[in-house]
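Undergrad: predicted model, plus sequence, below.
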Amino acid sequence: MAIRMFRLVAVPLTGCVIAGCVWGCSSAPEETGRSGTGRKETRVDPSQAGNDAPSPPVGASPVAGGTSAMQPTALPEEALEAVPGEMEEGADCGMIEIMPNVQFTPGNLLVIFDRSSSMSNLFDAGANLQRLHSAQRAIDTALAPLVCEDLTANPDAVPCTDGLSVALLTFPTGSIGGDLFGGGGNCTVDNLASSEQIAWLGVTPFVGAFEAYWMSHTLNRGTPISVAFARANEALMDPDVVGNKAVLFLTDGEETGNCQGGVDPVTQASMWNDMGIRTHVVSLAGGDGGRGPGGAGNQVFNDAVATAGGTDVSINPQSSEQLTQEIAQIVSSSRGSVTCELTIQDAKLTNLNQACEQGEVFVQSTKVPCDQKDRSDGFYVKDQRTIEIVGSFCEQLEDTMSLRAMFPCEILGPG
């Protein structure tokens, strides 16, 4: 079988979008003097093109360095690049377009925070910290590396984007009076827009709001987790909240009372997981983590929510230091992400596995490995028209804006 390849080269366009120059192979006569039907390889570098180079399409605007920012379009026949190899007489590979697009997806972390009276119990005996104070300190410390420097105080500071929005939803809210540790419980959980909560903010303003929040808000009776999860769902489904989403659920117990208007936390976590929203559960019981007398049910509940939420089991830190480390990892995994997607125009890949195994993708001169299984660092074929570069290679592409891809013609079909 004749081996025919499509080779595509990308050049920079303003911003993060890269215009895809179209390359193809045709059946023009052999120009190298070799016998047979092998093809001459011809390459045109738009950034180095001289006076004899093909003119850019009408409407292309010059950019720095003498290159042109072009919309993806078929190049003239003389600009096509053919791969040497045997071809059938009169065969024509046709053309395809690939438009690499580097996009940043913001991250969003919703913190569901237990404000029940038992949060005043000791969590870390060594540090003499209550559960509430340990959680406060851990969240502050985990977010600190993402806080942007104040440009008004230091005009020379480099502007930063933390890539993460955070919201705080506490339960219960309001005040029912009486003895904080008395019987009964409060089923009230205000929505995220209430002054009892902290709506979505970037990390820098959130840290300031979080520290001020606890100067005017105290603990309360009751553990209405079911109602809290219902309010959390409202916050997560807000159409203005775009990008990746995750939940950090901190609690020292399980549902108390018989609150109305709530949802089953396990079912809700499962539904979020189906939408790609993972739920991280952190137990603040300390010591035995709720596994001791009267606490075993708490841990069973925590593990059930974590499993349904796609994070396997709940986290049971034994010290303030360990709690901070665990929350820092959750914060890091919840940050915004860079994706590099290549969209094929006017053609489609007929075999996804073969396309990944036989295709070749280069960022600068570095070959990107096929990563069809783990999809963590390399390139994989998402569907018949979409190729995605992930991990460090995507980050390199964001910086260099230089990409080249090549796929066998026999695994390409008409679009």
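TA: Here it is on my side, so go on. Numbering: from 1, shown residues only.
Undergrad: just checking, Ile330 touches His280?
TA: Yes - here Ile330 reaches His280: they are 4.9 Å apart, a contact under C-beta atoms under 8 Å. For the C-beta atoms, the positions are set from N, CA and C on the backbone; glycine is no exception.
Undergrad: now do the shared contacts for those two.
TA: Ala246, Leu248 (C-beta atoms under 8 Å, 6 or more residues apart in numbering).
Undergrad: quick one, which of the two is more surrounded?
TA: A direct count of neighbours by other C-beta atoms under 10 Å for Ile330 and His280 places His280 higher, at 25 against 19.
Undergrad: in which helix or strand does the more buried one reside?
TA: strand 278-283 (DSSP states H and E).
Undergrad: now the protein, which segments are flagged as low pLDDT?
TA: Residue ranges of the chain with pLDDT under 70: 1-100, 151, 157-159, 161-162, 175-185, 286-297, 398-401.
Undergrad: can you pull the domain assignment for it?
TA: 5-104+339-414, 107-153+160-334 (automatic domain parsing).
Undergrad: any idea how far apart the tips of the last one sit?
TA: Between the opening and closing residues of domain 107-153+160-334 there is a gap of 6 Å (C-alpha to C-alpha, to the nearest Å).
Undergrad: quick one: residues in contact with whichever strand or helix holds Asn298.
TA: Using DSSP H and E, Asn298 sits within helix 296-308. For helix 296-308, contacts defined as C-beta under 8 Å, 6+ apart pick out 249, 251-255, 265-267, 269-270, 273, 279-281, 283, 285, 289-291, 312-316.
Undergrad: output it as CSV, restricted to C-alpha atoms.
TA: Output of helix 296-308 as CSV, limited to C-alpha atoms (Å, rounded to 0.1, in the frame of the first residue of the first chain):
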residue,chain,number,x,y,z
ALA,A,296,-18.0,5.4,63.3
GLY,A,297,-21.2,6.5,61.5
ASN,A,298,-19.5,9.9,60.8
GLN,A,299,-16.7,8.3,58.9
VAL,A,300,-18.9,6.0,57.0
PHE,A,301,-20.9,9.0,55.9
ASN,A,302,-17.8,11.0,54.9
ASP,A,303,-16.4,8.1,52.9
ALA,A,304,-19.7,7.6,51.1
VAL,A,305,-19.8,11.2,50.0
ALA,A,306,-16.1,11.1,48.9
THR,A,307,-16.6,7.9,46.9
ALA,A,308,-19.7,9.3,45.2
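Undergrad: give me the angle between that helix and strand 278-283.
TA: Counting by axes from the mean of the first three to the mean of the last three C-alpha atoms, to 10 degrees, helix 296-308 lies at 160 degrees to strand 278-283.
Undergrad: show me what counts as buried in helix 296-308.
TA: For helix 296-308, the neighbour count (16 or more other C-beta atoms under 10 Å) marks Asn298, Gln299, Phe301, Asn302, Asp303, Ala304, Val305, Ala306, Thr307, Ala308 as buried.
Undergrad: same thing with stretch 351-371?
TA: Here stretch 351-371 shows Asn351, Leu352, Ala355, Cys356, Gln358, Gly359, Val361, Val363, Val368, Cys370, Asp371 as buried, counting by 16+ other C-beta under 10 Å.
Undergrad: quick one, phi psi at the residue lying closest to the fifth one once chain neighbours are set aside?
TA: If I follow you right, that is Gln358. Once flanking residues are discounted, Gln358 sits nearest to Pro408: 5.4 Å by C-beta to C-beta, 6 or more residues apart in numbering. Dihedral pair for Pro408: phi -60, psi 140, per degrees, to the nearest 10.
Undergrad: right, and Pro408 touches Cys356 too?
TA: No - assessed by C-beta under 8 Å, Pro408 is found out of contact with Cys356, at 11.8 Å.
Undergrad: can I get stretch 314-330 in CSV? Just the C-alpha atoms.
TA: Coordinates of each C-alpha in stretch 314-330 appear next as CSV, following Å, rounded to 0.1, in the frame of the first residue of the first chain:
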residue,chain,number,x,y,z
SER,A,314,-12.5,11.1,52.8
ILE,A,315,-9.3,12.7,54.2
ASN,A,316,-8.7,12.2,57.9
PRO,A,317,-5.8,14.4,58.9
GLN,A,318,-4.3,13.9,62.3
SER,A,319,-2.7,17.3,62.8
SER,A,320,-3.0,20.9,61.7
GLU,A,321,0.1,20.5,59.6
GLN,A,322,-1.3,17.5,57.8
LEU,A,323,-4.7,19.3,57.3
THR,A,324,-2.9,22.2,55.7
GLN,A,325,-1.0,19.9,53.3
GLU,A,326,-4.1,18.1,52.2
ILE,A,327,-6.0,21.3,51.6
ALA,A,328,-3.0,22.8,49.7
GLN,A,329,-3.1,19.8,47.3
ILE,A,330,-6.9,20.2,46.8
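Undergrad: for Ala153, give its distance to Val207.
TA: Using C-beta to C-beta, to the nearest Å, we find Ala153 at a distance of 16 Å from Val207.
Undergrad: cool, thanks, talk later.
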